[in-house]
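[1] Below is the sequence, then the predicted model.
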Amino acid sequence: MARQRTSPMEEMILVATKLPWWACLLLALVSYAVLHVMAMRPVMPATVVPGQMGDAVARGLITTLAMFGQYVMPFAFALAALLSAVNEYRNKKSGTFVPNHLDVAPPSRKRVSTEASVPMPTSGNSGKMNRDFDHMLPGGEEELAIENPQPVPLPQQWGMSVIQMMEWKRFEIVTREFLKMTGYDAHETKVGADGGVDIRVTKPSNDTFQGIVQCKAWNSYRVGVKPVRELYGVMAAEKATAGMVITSGTFTAEAEEFAKGKVKLISGVNFLELIRKLPPEKQQRLLDIALEGDYQTPTCPQCDLKMTLRENKSGKNPGSKFWGCVRYPHCRQTLVYTGNGSRVRLPS
């Protein structure tokens, strides 16, 4: 998905907002101290040795830039610290981040049963390279108001409706926590470009095991061979011993054929079956994580903030809806709105 270019200063602030707020403040102090020392030097030396005029001019230019930079850079990092703190507060409030106290019993909530327990088929796409993963399985726009006058009762147990209602970021979090519950060390990659890897997996009992996982919260689309082939390429480049693509939907026949012996494929139905194999208390903990806060509104892949529903007022498709970043125009990231709640297709 193409993004409009931003200035180098905006890019620097956006990158800095990915850091903790205190780290941004530290960078502000360090940048001021360093640039202030450089700015205190004379712009031009009193005497210039013949043949060294170029060096003197370069030194003077650096000193001049430092005179301005000693105020601009700390201000930029201070602004990034403020945005980082706001992002952290909003994400915690909306439930984007999983709390650390997972062993504490979650608050009780009213749920209704929406799915009956039915037997699910298992995935057959496991090869020699992925046997370790097999063992882990016991234009102009207008902002719209999303009407939701009646609170929807939360599901009482795991079902396909839960898996398909989760937005892409929550789907990644649930996948990560599921891997942890099955004995793996799993860590999400940073927001933004990740080389096609969403979660990196290691095994405490096996120092040589290096797994990579890509999550696709797609319901209206079948995952094709392209993302599977790309993940396999990343596996080779990083010398990963196992790879897995997990989706809330299904895979095309071409993707399944290519993955044989190379990449483990887990469909939404397969994932539900694996979750139901967990002990009841772990299923409940995972369900609480899945349904905590706003679990349906998609998250901006660039800013890690909840997006807002907007409507095109002009362009090729006037009247069509799409998800836009709340930081527009600083961030122009958009996601497709399919008309089915939070279901979107992230660019592969």
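    Looks like it arrived, so ask away.
[2] Just the strands from the stretch 101-250 of the chain, written as ranges.
    Using DSSP state E, counting those that start in this stretch, the strands assigned to the stretch 101-250 of the chain run over residues 111-112, 141-143, 154-155, 185-188, 199-203, 206-216, 242-247.
[3] Next, count neighbours for Gln283.
    For Gln283, the count of nearby residues is 16 (other Cβ atoms under 10 Å). In this view, the C-beta of every residue, glycine as well, is placed from N, C-alpha and C.
[4] Would you mind confirming that it is in contact with Lys277?
    No: Gln283 is beyond contact range of Lys277, at 9.1 Å (criterion: Cβ atoms under 8 Å).
[5] quick one on the thing from earlier: highest mean neighbour count out of the strands of the stretch 101-250 of the chain?
    strand 242-247 (a mean of 26; mean count of other Cβ atoms under 10 Å).
[6] Tell me what angle it forms with strand 206-216.
    Orientation of strand 242-247 against strand 206-216 (axes from the mean of the first three to the mean of the last three Cα atoms, to 10 degrees) gives an angle of 20 degrees.
[7] May I see the buried residues of the next helix or strand after strand 242-247?
    Scanning forward in sequence from strand 242-247 by DSSP states H and E, the next helix or strand is helix 253-259. The neighbour-count check on helix 253-259 (16 or more other Cβ atoms under 10 Å) flags 255-256, 258-259 as buried.
[8] With stretch 276-292 instead?
    Buried residues in stretch 276-292, counting neighbours by 16+ other Cβ under 10 Å, are found at 276, 278, 282-292.
[9] Let's test this: mean pLDDT of that stretch, rounded?
    Across stretch 276-292, the average pLDDT comes to 94.
[10] Run the chain-centre distance for it.
    With Cα atoms, centre = their mean, to the nearest Å as the basis, stretch 276-292 stands 21 Å off its chain's centre.
[11] How far does the host helix or strand of Leu82 sit from its chain's centre?
    Element membership for Leu82, per DSSP H and E: helix 53-94. Offset of helix 53-94 from its chain centre (Cα atoms, centre = their mean): 26 Å.
[12] pLDDT weak spots in the stretch 151-300 of the chain?
    151-152, 190-196, 219-220 (pLDDT under 70).
[13] make it 50
    192-194 (pLDDT under 50).
[14] where along it do the helices fall?
    Secondary structure of the stretch 151-300 of the chain, counting by DSSP state H, counting those that start in this stretch: helices at 160-165, 168-181, 225-238, 253-259, 268-276, 280-291.
[15] With distance to Cys303 as extra columns, can I get those helices in CSV?
    Listed next are the helices of the stretch 151-300 of the chain as CSV, based on distance: least, Cβ to Cβ, whole Å:
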stretch, distance to Cys303
helix 160-165, 23
helix 168-181, 11
helix 225-238, 23
helix 253-259, 30
helix 268-276, 27
helix 280-291, 22
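[16] picking up where we left off before, save the buried residues of helix 253-259 as TSV, and put in distance to Met73 too.
    Output for these, formatted as TSV (distance: Cβ to Cβ, whole Å):
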residue	distance to Met73
Ala255	47
Glu256	51
Phe258	48
Ala259	48
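[17] what's the helix holding Leu82 packed up against?
    Judged by 3 or more Cβ pairs under 8 Å, 6 or more residues apart in numbering; DSSP states H and E, helix 53-94 is in contact with helix 8-16, helix 21-39.
[18] residues in contact with the longest one?
    Counting contacts by Cβ atoms under 8 Å, 6 or more residues apart in numbering, the residues outside helix 21-39 that touch it are 16-17, 19, 62-63, 66-67, 69-71, 73-75, 77-78, 80-82, 84-85, 88.
[19] PyMOL command for the buried members of those?
    Selecting only the buried entries of the contacts of helix 21-39 in PyMOL, with 16+ other Cβ under 10 Å as the criterion:
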select buried, resi 16+17+19+63+66+67+69+70+73+74+77+78+80+81+84+85+88
